[in-house]
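Student: Structure, please.
(one chain, ligands or ions: 1)
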Amino acid sequence: MSATTATGQAQPIETSDKTVACNGGGGALGHPLTYYTFGDKKQIDCRYCGQVFVKK
Ligand SMILES: [Zn+2]
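Tutor: Residues are numbered from 1 along each chain as shown. All right, here's what the predicted structure looks like:
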């Protein structure tokens, strides 16, 4: 079982890429693969699952 709490907060993912893709982990808990571009932002929150991506 996962140690994720009921708040749904996931660990931020650090990346040096300009674009990230999230599918919520796939499977029953996933969502359609969605791409996000950092642009001038340092952080992206997935609009579906709330996964946080932080630019290195
Ligand atoms: Zn997501």
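Student: how deep is Asn23 tucked in, by neighbour count?
Tutor: Residues contacting Asn23 under the criterion other CB atoms under 10 Å number 16. Every residue, glycine included, has its C-beta placed from N, CA and C.
Student: Pull up the gap between the residue positioned nearest the centre of the chain and Leu33, please.
Tutor: For the chain, the residue nearest the mean C-alpha position is Gln51 (3.0 Å; CA atoms, centre = their mean). Applying CB to CB, to the nearest Å, the value for Gln51 to Leu33 is 12 Å.
Student: what is in contact with these two at once?
Tutor: Listed as contacting both Gln51 and Leu33 by CB atoms under 8 Å, 6 or more residues apart in numbering are Cys22.
Student: and the protein, which of its residues are near the ion?
Tutor: Proximity of the chain to the ion (CB under 5 Å from the ion) is limited to residues 22, 24, 46, 48-49, 51.
Student: and if we set it to 8 Å?
Tutor: 22-25, 30-31, 34, 46-51 (CB under 8 Å from the ion).
Student: Could I have the PyMOL command that selects the buried members from those residues?
Tutor: To isolate the buried members of the residues of the chain next to the ion in PyMOL, using 16 or more other CB atoms under 10 Å:
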select buried, resi 22+23+24+46+49+51
